[in-house]
Every structure is written in C-alpha cells, then in structure tokens.
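*Asks:* pasting the sequence and the predicted coordinates here, then a few questions.
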Amino acid sequence: MATTIESDQRLHLVFGGELENLDGVRFRDVKDLDIVGIYPDYASAQAAWRAKAQATVDSAQTRYFVVHLHRLLEPQGV
C-alpha cells in the first residue's frame, strides 16, 4: 500500500550548472551544481531562478531549473 503525504506546502527546488552541450540536459560536472535553494511557492522559486539565470546570461551553457518537489512528494496527484 502506497503512503501519501498530505501537505498544503508546494515546495520548489532551484538549481543549475554548466551543461555539456546545448542539445540536452546533461551537466558537465554534477559535483559543481549550484543548489540555489528550496522555496515554499512557485513565485519565490521563479524569482530566484530568474535572478540566477540573469546573472549567468553571458554563459550560454549554464542553465537553471525549477523542480516541483511537491509533485515528487505527492506522486498520486493529491
């Protein structure tokens, strides 16, 4: 029986790093990933993502992402 975690939090992880090439999402060195933080809602995660993306605009191979952690914690779509 699967366990479902019920929560009203919508946690989001913002992280990024340098990609091996622009055709995929494979990082050059996973040990060098920049973990920006975990945020309580999408709006604050998006603001953090935008700040990091703009700060690295001169590095074409550096990308930042927002991961919806709440979807991983609630895989049944609760």
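*Replies:* That came in fine, so what should we check first? Residues are numbered from 1 along each chain as shown.

*Asks:* going by C-alpha atoms from here, please, whenever you check contacts or count neighbours.
*Replies:* OK.

*Asks:* in the lengthiest helix in the chain, what counts as buried?
*Replies:* The residue-count maximum for a helix in the chain (DSSP state H) belongs to helix 42-55. By neighbour count with 16 or more other C-alpha atoms under 10 Å, helix 42-55 contains the buried residues 42, 45-46, 48-49, 52-53.

*Asks:* right, and the helix or strand after that helix?
*Replies:* Next helix or strand after helix 42-55 toward the C-terminus (DSSP states H and E): strand 62-68.

*Asks:* each with direction, which strands does that following strand pair with?
*Replies:* For strand 62-68, the paired strands and their directions (DSSP bridges) read strand 12-18 (antiparallel).

*Asks:* how about Asp29, what does it touch?
*Replies:* Glu18 (C-alpha atoms under 8 Å, 6 or more residues apart in numbering).

*Asks:* offset the numbering so it begins at 54, please.
*Replies:* Done: numbering now begins at 54, and the last item shifts to Asp82.

*Asks:* so what's Val119 bridging to?
*Replies:* Bridge pairing for Val119 (DSSP bridges) gives the partners Val67.

*Asks:* any idea how far it is from Val110?
*Replies:* Per C-alpha to C-alpha, to the nearest Å, Val119 is found 17 Å from Val110.

*Asks:* same drill for the two, tell me which one is more crowded.
*Replies:* Neighbours per residue, other C-alpha atoms under 10 Å: of Val119 and Val110, the larger number sits with Val119, 19 against 11.

*Asks:* relative to Leu66, how far out is the more buried one?
*Replies:* Counting by C-alpha to C-alpha, the gap from Val119 to Leu66 is 6 Å.

*Asks:* overlap in contacts, these two.
*Replies:* Ala98.

*Asks:* now the angle between strand 65-71 and the longest helix of the chain, please.
*Replies:* Taking axes from the mean of the first three to the mean of the last three C-alpha atoms, to 10 degrees, one finds helix 95-108 and strand 65-71 inclined to each other by 10 degrees.

*Asks:* how far off centre is helix 95-108?
*Replies:* On the basis of C-alpha atoms, centre = their mean, to the nearest Å, helix 95-108 sits 10 Å off its chain's mean C-alpha point.

*Asks:* ok, now stretch 63-83?
*Replies:* Relative to its chain's centre, stretch 63-83 lies at 8 Å (C-alpha atoms, centre = their mean).

*Asks:* nothing else from me, thank you.
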